[in-house]
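**Q** pasting the sequence and the predicted model now:
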Amino acid sequence: MRRQAEGAAETMKVVKQENITLDSSFAQEIAKLSGENVFLCYQCRKCASGCPSRMFMDSTPTELMRYAQLGMVDEAMKKNTIWYCVSCQTCSTRCPQDIDIAHVIDTMRIIGQQKKIKAENNKLPLFNRLWMTMIKYMGRAYEAGLVAALNVFSGKPTKDMVLGMKMMKKGKLKLWPSFRKPFATMKMFSRAKKLKK
Ligand code: SF4
Ligand code: SF4
């Protein structure tokens, strides 16, 4: 046992503190776009424990904040976490440091799209884009259209077709879309675009 421990000590690489560098450019970019300071996070996990999407995520919102602090861009952006966030704001309201985590995550999605960082599951960004387009032009969700478009763009046009028809028969899925003040949402989107400039 002692010999094993000695062997481990011989092979263990000691990293001197002065050799560790922290890349804060990712955190700075988030701060510039969102006004949120991820360095305020002290990893209490209150955000993760209240997150309704947590069970589907590769990492928790708490871990996401740590990735942002350490400049671990790939870990933050390529996993599914930012795409499974439904912007419910639960984490933001629970944070004792008053960090708007939902806004940070939304900002990460924007940075990811601007820098063309591909998520490991590329269906998730596609879903997000289709969803936003639908909201922009219809003012509300159109589930049947969303699923159909997602299937077509991801190369599986007939996926879940039988299930969808069964749901329509039972009145759980509508065939035709309904609109809710589409001009108002279109205006909202163009105002947001102008503000961004
Ligand atoms: S805003 Fe996103 S990360 Fe925060 S609790 Fe809701 S789903 Fe989870
Ligand atoms: S609730 Fe706030 S302080 Fe706590 S882990 Fe989440 S972001 Fe960090």
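**A** Structure's in. What do you need? Numbering: from 1, shown residues only. Ligands and ions are numbered 1, 2, ... in the order given.
**Q** what ranges do the helices span in this structure?
**A** Secondary structure of the chain (DSSP state H): helices at 2-11, 25-34, 46-50, 61-70, 73-78, 81-84, 90-94, 101-114, 123-138, 143-153, 161-169, 182-196.
**Q** find the nearest non-adjacent residue to the residue positioned nearest the centre of the chain, please.
**A** In the chain, the centroid-proximal residue (CA atoms, centre = their mean) is residue 82; its distance is 1.5 Å. Excluding the flanking residues, the one nearest residue 82 by CB to CB, 6 or more residues apart in numbering is residue 108, at 4.9 Å. Glycine gets a C-beta too; all of them are placed from N, C-alpha and C.
**Q** ok, the one you found - contacts?
**A** Taking CB atoms under 8 Å, 6 or more residues apart in numbering, we find residue 108 in contact with 30, 64, 68, 76-77, 82.
**Q** what is the nearest of these to residue 103?
**A** If you rank those by distance to residue 103 using CB to CB, residue 30 comes first, at 9.2 Å.
**Q** now, of the helices of the chain, which is deepest in the fold?
**A** helix 81-84 (a mean of 24; mean count of other CB atoms under 10 Å).
**Q** would you confirm that residue 153 contacts residue 129?
**A** No - with contact defined as CB atoms under 8 Å, residue 153 does not count as touching residue 129 (9.1 Å).
**Q** quick one on the thing from earlier: would JSON lines of the helices of the chain with distance to residue 176 and mean pLDDT be doable?
**A** Shown next, in JSON lines, are the helices of the chain (distance: least, CB to CB, whole Å; pLDDT from 0 to 100):
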{"stretch": "helix 2-11", "distance to residue 176": "67", "mean pLDDT": "49"}
{"stretch": "helix 25-34", "distance to residue 176": "38", "mean pLDDT": "95"}
{"stretch": "helix 46-50", "distance to residue 176": "37", "mean pLDDT": "95"}
{"stretch": "helix 61-70", "distance to residue 176": "37", "mean pLDDT": "95"}
{"stretch": "helix 73-78", "distance to residue 176": "37", "mean pLDDT": "89"}
{"stretch": "helix 81-84", "distance to residue 176": "28", "mean pLDDT": "91"}
{"stretch": "helix 90-94", "distance to residue 176": "33", "mean pLDDT": "96"}
{"stretch": "helix 101-114", "distance to residue 176": "30", "mean pLDDT": "93"}
{"stretch": "helix 123-138", "distance to residue 176": "11", "mean pLDDT": "85"}
{"stretch": "helix 143-153", "distance to residue 176": "8", "mean pLDDT": "87"}
{"stretch": "helix 161-169", "distance to residue 176": "10", "mean pLDDT": "89"}
{"stretch": "helix 182-196", "distance to residue 176": "15", "mean pLDDT": "84"}
